[in-house]
Structures are given as C-alpha cells and as structure tokens.
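Asker: No sequence on hand, only this structure:
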C-alpha cells in the first residue's frame with residue numbers, strides 16, 4: 001500500500017511539473033553580414049558571430065536549400081525576428097523571415113507557397129516565409145574584417161539577442177521557479193573562412209535596401 005501511495009505521488013509530481021523558458025537578458029543585435037560557406041550558415045553581428053551547421057540540424061539544410069532555390073528569384077526582403085541562446089548548453093536558435101515579391105512569381109507558385117507551413121502574408125500581401133534554424137553556436141572569425149569588406153549588407157538586419165534558461169514550476173505551488181542553473185560558457189571556436197567559398201544568398205547586397 002505504501003509503495004502504491006508513493007507511486008501516485010510520483011505521478012502527480014511529474015504531471016504537475018512544467019518546464020518554461022525564462023529570459024535572462026535581451027540585447028539589440030545588428031547583423032552586418034549573412035552568408036553561406038561549406039554548407040553552413042554564418043551571421044556576423046555587432047555582438048557576436050554565429051554558425052549554423054547543416055550537419056547538425058536538418059532545418060539548417062532545409063533553409064540552405066531554399067536559399068539556393070528558384071524561389072529566391074523573387075527575393076524582396078530578409079528579417080531576423082530574434083536570435084536565442086540557451087545559457088545551459090550555449091546552443092543558438094534563430095528565426096528568419098524571407099519575404100518574396102508576388103509580382104515576380106506566377107499564380108501557381110504563390111498558391112504553392114501559401115499551402116506550405118510557416119508561410120504568412122506580409123503587409124503587402126506577399127508570401128512571408130518563416131525559417132527556424134537551431135543547434136547554432138557562437139564563433140570567432142579571424143578574417144571578420146575581410147568578410148565584411150566582401151559581404152557587408154547595405155542595410156544591416158536589426159534584431160534581438162535573447163539569453164534564456166529553462167525553469168521548472170509546479171502546479172501545487174503556483175508558478176514557483178525551479179532551482180537555478182549555473183551558466184556555463186563553453187569554448188568559442190576560432191575560424192578562418194576563405195573568401196572564395198563564401199556565397200551571398202540574398203543575390204546582391206544592395207537588394208536588401210530595395
């Protein structure tokens with residue numbers, strides 16, 4: 001009977017436990033360059049430089065495939081909704097909108113796009129595609145200045161860099177915060193990226209300002 005009672009208590013504890021993301025800090029980040037190299041996505045910001053590897057995340061490969069697709073002929077504007085860093089494992093997530101110009105798409109292409117998930121309608125009625133890319137990491141680019149000379153955006157992408165941690169709450173105690181997790185800063189990889197292998201997915205740097 002005692003074991004049964006303990007089992008019930010354990011079940012209620014698990015059911016009543018919820019995990020939430022708690023924001024630790026929020027800063028304005030300005031992305032000065034955005035490019036593809038070695039099938040990875042890189043973003044160079046005023047605060048940090050970021051790498052998203054296609055070998056670590058299918059959603060990164062999906063985004064790269066789109067950036068290299070014929071749909072990008074209708075590219076109008078890119079926006080980065082936010083960049084998030086998990087303070088516990090230092091992994092980075094980013095959420096990017098790509099707006100396409102309906103005038104450069106056929107009616108069939110537009111209908112096909114709106115039938116896909118995570119496709120919204122912009123204020124001008126254009127397809128606005130949302131891409132979430134994960135398993136990113138902070139990196140240090142040795143040739144950052146050279147990269148910015150080649151691929152600096154004429155209109156930098158302003159966004160928010162948000163750090164968060166997971167917090168646990170229990171229903172029987174309302175929204176009591178769980179135990180704090182220590183922030184562990186891992187080593188940052190130092191990279192040298194040859195300019196010859198860099199591709200700019202937005203076709204032309206100036207296109208972002210149009």
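Answerer: Sure, I can see it. Just so we're clear, the structure is a prediction, and the values are computed from it rather than from any experiment.

Asker: Go ahead and flag the most central residue of the chain.
Answerer: residue 94 (1.1 Å; Cα atoms, centre = their mean).

Asker: Which of the helices or strands spans that residue?
Answerer: Assigned by DSSP states H and E, residue 94 belongs to strand 92-100.

Asker: and if you look at residue 120?
Answerer: Using DSSP H and E, residue 120 sits within strand 119-121.

Asker: returning to that earlier point: for the closest residue to the residue nearest to the centre of the chain other than its chain neighbours, name its beta-bridge partners.
Answerer: Once flanking residues are discounted, residue 94 sits nearest to residue 83: 4.7 Å by Cβ to Cβ, 6 or more residues apart in numbering. Every residue, glycine included, has its C-beta placed from N, CA and C. On the basis of DSSP bridges, residue 83 is bridged to residue 94, residue 161.

Asker: residues touching residue 83, list them.
Answerer: Shown in contact with residue 83 (Cβ atoms under 8 Å, 6 or more residues apart in numbering): 29, 43, 45, 50, 92-95, 159-162.

Asker: Narrow those residues to those that are buried.
Answerer: Neighbour-count burial (16 or more other Cβ atoms under 10 Å) applied to those gives 29, 43, 45, 50, 92-95, 159, 161-162.

Asker: quick one on the thing from earlier: tell me what the strand holding residue 120 is packed against?
Answerer: Judged by 3 or more Cβ pairs under 8 Å, 6 or more residues apart in numbering; DSSP states H and E, the packing partners of strand 119-121 are strand 127-141.

Asker: and with 10 Å instead?
Answerer: strand 92-100, helix 107-114, strand 127-141 (3 or more Cβ pairs under 10 Å, 6 or more residues apart in numbering; DSSP states H and E).

Asker: which residues sit against that strand?
Answerer: 97-100, 102, 112-114, 126-130 (Cβ atoms under 10 Å, 6 or more residues apart in numbering).

Asker: Pull out the buried members of those residues.
Answerer: For those, a neighbour count by 16+ other Cβ under 10 Å gives the buried set as 97-100, 102, 113, 126-129.

Asker: returning to that earlier point: among the contacts of residue 83, which one sits closest to residue 137?
Answerer: residue 92 (6.0 Å; Cβ to Cβ).

Asker: residues touching the closest one, list them.
Answerer: Residue 92 makes contacts with 43, 48, 50-52, 83-86, 133-139, 161, as judged by Cβ under 10 Å, 6+ apart.

Asker: host element of residue 66?
Answerer: Element membership for residue 66 (DSSP H and E) is helix 58-67.

Asker: Please compute how far that helix lies from its chain's middle.
Answerer: Averaged C-alpha coordinates place helix 58-67 at 12 Å from its chain's average position (Cα atoms, centre = their mean, to the nearest Å).

Asker: shaky segments in the protein?
Answerer: The chain contains residues with pLDDT under 70 at 1-19, 168-186, 203-210.
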